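Colleague: Just need the structure, nothing else, for what follows:
(chains A, B, C and D)
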Number of protein chains: 2
Amino acid sequence: MEHTPANCRAREMISRVADKWSMYVIHVLAEAGTVRFSELRRRVDGVSQRMLTVTLRGLERDGLVRRTMHPEVPPRVEYSLTPLGATLREIVGELITWSGAHLAEVDAARARYDARAKQPQWATSDM
Amino acid sequence: MEHTPANCRAREMISRVADKWSMYVIHVLAEAGTVRFSELRRRVDGVSQRMLTVTLRGLERDGLVRRTMHPEVPPRVEYSLTPLGATLREIVGELITWSGAHLAEVDAARARYDARAKQPQWATSDM
DNA sequence: CAGTTCTAGTTACGAAACGTAACCTGGTCC
DNA sequence: GGACCAGGTTACGTTTCGTAACTAGAACTG
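Modeller: As a prediction, the model looks like this:
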């Protein structure tokens, strides 16, 4: 895979989508279908109201998420994945599956790394 | 996919790996095989020295990247993907492919969104 | 023999992103 | 008339990030 224009732009796309919340939101929307803002906030554990707004705006702008506003009082706004978002969702799903599958290995690697980091220099690196 | 312990931790894993530079570095390492620090810096376009160091440390800690230091002067340090990193690489590759494939759609969606955003409220939403 | 060059970082500091908490809208309930 | 609802926005403090300067120690240069 060489440095074609497409994968140069890919870098930009990845920056856009590869942040903490975007993937999480896509995943939750994929699970839940159509969801209201506050329900989404409840499901995306740990997200702040501001970051959820910001993330959703970005995803909406990129055509990954559809935002439907019902002009009522109190307001009702529903979010769902667009077809485009659904295609990305599959990859996010794989990433989650991967995480589940390799969790133990990562934990082990971390433990090893941290143990080694605690050792001063003079510990012979006989690994 | 429910909220099992594994996919709860998956959230943590995603936060870890789903940042701008980690994916990019994994991708470049996958392409290049074994690479020295400065070569990597040249290939990962736009990364600062500090962020490359930080990113590599994180990936190394998680067992995704192997760091081999040759105690010479000037120092020589080589980085490569571990087998674990290689499995993740496949998903990153898919994400890049996706980006290339759907670039035009995303651009179009952005243009639409931005055009609409410029319109004041009184523009009837007859899309 | 003093000064420059090399790599792979680290440190200091300003800028940008992020999280927390308060406020806003305006119709309904008490 | 005050509290409440949902879905935000704004203000502000903290954490992260990017830029630039500095470090090591040997080798090469003048």
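Colleague: Look up phi and psi at the residue nearest to residue A:30 when sequence neighbours are not counted.
Modeller: The spatially closest residue to residue A:30, leaving aside those adjacent along the chain, is residue A:89, at 4.3 Å (CB to CB, 6 or more residues apart in numbering or on different chains). For the C-beta atoms, the positions are set from N, CA and C on the backbone; glycine is no exception. Backbone torsions for residue A:89, taken as degrees, to the nearest 10, come to phi -60, psi -40.
Colleague: Residue A:89 reaches residue A:28, doesn't it?
Modeller: No. Taking contact to mean CB atoms under 8 Å, the distance of 10.2 Å between residue A:89 and residue A:28 leaves them out of contact.
Colleague: Look up how far residue B:100 lies from the residue nearest to residue A:30.
Modeller: According to CB to CB, to the nearest Å, residue A:89 stands 18 Å off from residue B:100.
Colleague: repeat for residue A:32
Modeller: Distance, residue A:32 to residue B:100, by CB to CB: 29 Å.
Colleague: Compare the two (neighbour count), which wins?
Modeller: Taking other CB atoms under 10 Å in any protein chain shown, residue A:32 and residue B:100 do not tie; residue B:100 has more neighbours (18 against 15).
Colleague: show me the contacts for the residue nearest to residue A:30.
Modeller: Applying CB atoms under 8 Å, 6 or more residues apart in numbering or on different chains to residue A:89 gives the contacts A:26-27, A:29-30, A:81.
Colleague: Point out the residues in chain A that sit beside DNA strand C.
Modeller: Residues of chain A lying near DNA strand C by CB under 7 Å from any atom of the strand: A:19-21, A:47-51, A:54, A:73-75.
Colleague: Out of those residues, which end up buried?
Modeller: In terms of neighbour count (16 or more other CB atoms under 10 Å in any protein chain shown), the buried residues within the residues of chain A next to DNA strand C are A:19-21, A:47, A:51.
Colleague: Let me have those in TSV, extended by pLDDT.
Modeller: Listed next are these as TSV, based on pLDDT from 0 to 100:
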residue	pLDDT
A:19	84
A:20	84
A:21	93
A:47	93
A:51	96
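Colleague: So which of the contacts of residue A:89 is the closest to residue A:109?
Modeller: Each of those was checked against residue A:109 using CB to CB; the closest is residue A:27, at 24.3 Å.
Colleague: and the residue positioned nearest the centre of chain A, what is it in contact with?
Modeller: With the centre of chain A defined as its mean C-alpha position, the nearest residue by CA atoms, centre = their mean is residue A:23, 1.8 Å away. If you count contacts by CB under 8 Å, 6+ apart, residue A:23 has them with A:17, A:92, A:95, B:14, B:18.
Colleague: make it 10 Å
Modeller: A:17, A:55, A:88-89, A:91-92, A:95-96, B:11, B:14-15, B:17-18, B:95 (CB atoms under 10 Å, 6 or more residues apart in numbering or on different chains).
Colleague: Residue A:37 now?
Modeller: If a contact means CB under 10 Å, 6+ apart, then residue A:37 has A:49, A:52-53, A:56, A:67, A:75-79 as its contacts.
Colleague: Sort these by pLDDT and name the bottom one.
Modeller: The member of the contacts of residue A:37 with the lowest pLDDT is residue A:75, at 92.
Colleague: picking up where we left off before, from the buried ones among the residues of chain A next to DNA strand C, which land in helices?
Modeller: Judged by DSSP state H, the subset of these located in helices is A:20-21, A:51.
Colleague: how long is stretch A:77-86 from one end to the other?
Modeller: Counting by CA to CA, to the nearest Å, you get 20 Å between the two ends of stretch A:77-86.
Colleague: quick check, it touching chain B?
Modeller: Yes. Residues of stretch A:77-86 are located near chain B by CB under 10 Å from any CB of the partner chain, namely A:82-84.
Colleague: Thank you, goodbye.
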